[in-house]
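J.: how does the following fold in three dimensions:
(one chain, ligands or ions: 1)
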Amino acid sequence: MAAEMEQAIYVQADLAFEADRVRLIDEAIAAWGQLDVLINNAGISKVIPHGDLASASSTVWHELNEVNVIAPFHLVALAESALRDAARHRRAGCVVNISSHAGIRPKGASIPYAVSKAALNHMTRLLAVSLGPDIRVNAVAPGLVDTPLTAEWTGAQELWRTRAPMRRAASPDDIAKAVAMLIESDYLTGEILLSDGGLNLT
Ligand SMILES: NC(=O)c1ccc[n+]([C@@H]2O[C@H](COP(=O)([O-])OP(=O)(O)OC[C@H]3O[C@@H](n4cnc5c(N)ncnc54)[C@H](OP(=O)(O)O)[C@@H]3O)[C@@H](O)[C@H]2O)c1
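T.: Predicted coordinates for the structure are as follows:
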């Protein structure tokens, strides 16, 4: 992707590790001299039936929490000063977290996953209160998106085809457009934009 995008850079980082998060933000600022927008998209999931409490081990909870909750928070903290600079020199800094409809409704691949995304949604609102007006913080909460993560989720694909008003799962491009909309909307902060093709209405 970086090769296709003029001026983009690619930095490899495992966000489960603090040192990699620090390096990621440092390298972005070193490359551009500024940081205006942070999109926390990386996330992991684990499919566990909600009734199977034994399989939702402490290890699973810790792994999902580290990447889906702690890493986004830490990245915002590391980027805060550069995002405030953006407000001083251009326009408010902007954070967009990619959460999930599972963080809004009692659904999702597993309870630890859904809880991690609910935490990310709440964190979004808390940070919006703490960091405004210099930094806006919003989230996009996708329903089903056609990505490698969901390639085998035939049941969910069928559900979206038959029940969602839009009669399909989202494409990554659909979600990117929702993110772009939040970046452009200078007055929006603390919003969780549910992007599920209307499934929640049915
Ligand atoms: N697909 C859906 O239906 C759906 C629905 C709701 C929300 N979401 C959320 O949307 C986001 C993107 O998901 P996706 O569907 O694109 O999933 P995916 O196909 O599994 O891709 C996940 C991305 O996160 C990166 N990642 C995972 N763990 C990481 C780590 N420790 N450090 C750095 N990068 C890491 C992966 O990098 P590598 O490829 O290098 O591992 C990959 O680029 C996630 O936050 C997910 O929870 C997805």
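J.: return the residues of this protein in contact with the ligand.
T.: With the criterion set to Cβ under 6 Å from any ligand atom, the chain comes near the ligand through 13-16, 41-45, 67, 98, 100, 142, 144-145, 147-150. C-beta coordinates here come from the backbone N, C-alpha and C atoms, glycine included.
J.: at 5 Å instead, please
T.: By Cβ under 5 Å from any ligand atom, the part of the chain that sits against the ligand consists of 14-16, 42-44, 67, 98, 100, 142, 144-145, 147-150.
J.: buried sites along stretch 3-21?
T.: Ala13, Leu15, Arg21 (16 or more other Cβ atoms under 10 Å).
J.: buried subset of the residues of the chain next to the ligand as a ChimeraX selection?
T.: The ChimeraX command for the buried members of the residues of the chain next to the ligand (criterion: 16+ other Cβ under 10 Å) is given here:
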select :15,43,67,98,100,142,144,145,150
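J.: please identify which pair of the residues of the chain next to the ligand lies farthest apart.
T.: Asp14 and Leu144 (26.3 Å; Cβ to Cβ).
J.: state the helix or strand in which the residue of the chain at minimum distance from the ligand lies.
T.: Closest residue of the chain to the ligand, Cβ to the nearest ligand atom: Gly43 (2.2 Å). Gly43 is located outside every helix and strand, with elements delineated by DSSP states H and E.
J.: equivalent analysis for Cys94, please.
T.: Per DSSP H and E: strand 93-98 holds Cys94.
J.: elements contacting that strand?
T.: In terms of contacts (3 or more Cβ pairs under 8 Å, 6 or more residues apart in numbering; DSSP states H and E), strand 93-98 is packed against strand 37-40, helix 71-89, helix 111-131, strand 135-142, helix 172-184.
J.: now for Ala164: which residues touch it?
T.: Ala164 is in contact with Gly143, Asp196, Gly197, Gly198, Leu199, Thr202, counting by Cβ atoms under 8 Å, 6 or more residues apart in numbering.
J.: apply the buried test to these and list what passes.
T.: Gly143, Asp196, Gly197, Leu199.
J.: phi, psi for the second one please.
T.: Torsion angles at Asp196 (phi, psi; degrees, to the nearest 10) stand at phi -120, psi 20.
J.: let me know the pLDDT of it.
T.: On pLDDT, Asp196 comes in at 97.
J.: Val95 versus the residue nearest to it when sequence neighbours are not counted, what's the distance?
T.: Counting by Cβ to Cβ, 6 or more residues apart in numbering, Asp196 lies nearest to Gly143, which is 2.8 Å off, once chain neighbours are set aside. The gap separating Gly143 from Val95 is 22 Å, by Cβ to Cβ, to the nearest Å.
J.: ok, Asp85 next?
T.: Distance, Asp85 to Val95, using Cβ to Cβ: 14 Å.
J.: the more surrounded of the two?
T.: Val95 (26 against 17; other Cβ atoms under 10 Å).
J.: OK, contacts around the more buried one?
T.: Residues near Val95 by Cβ under 8 Å, 6+ apart: 37-40, 76, 79, 83, 124, 127, 131, 135-138.
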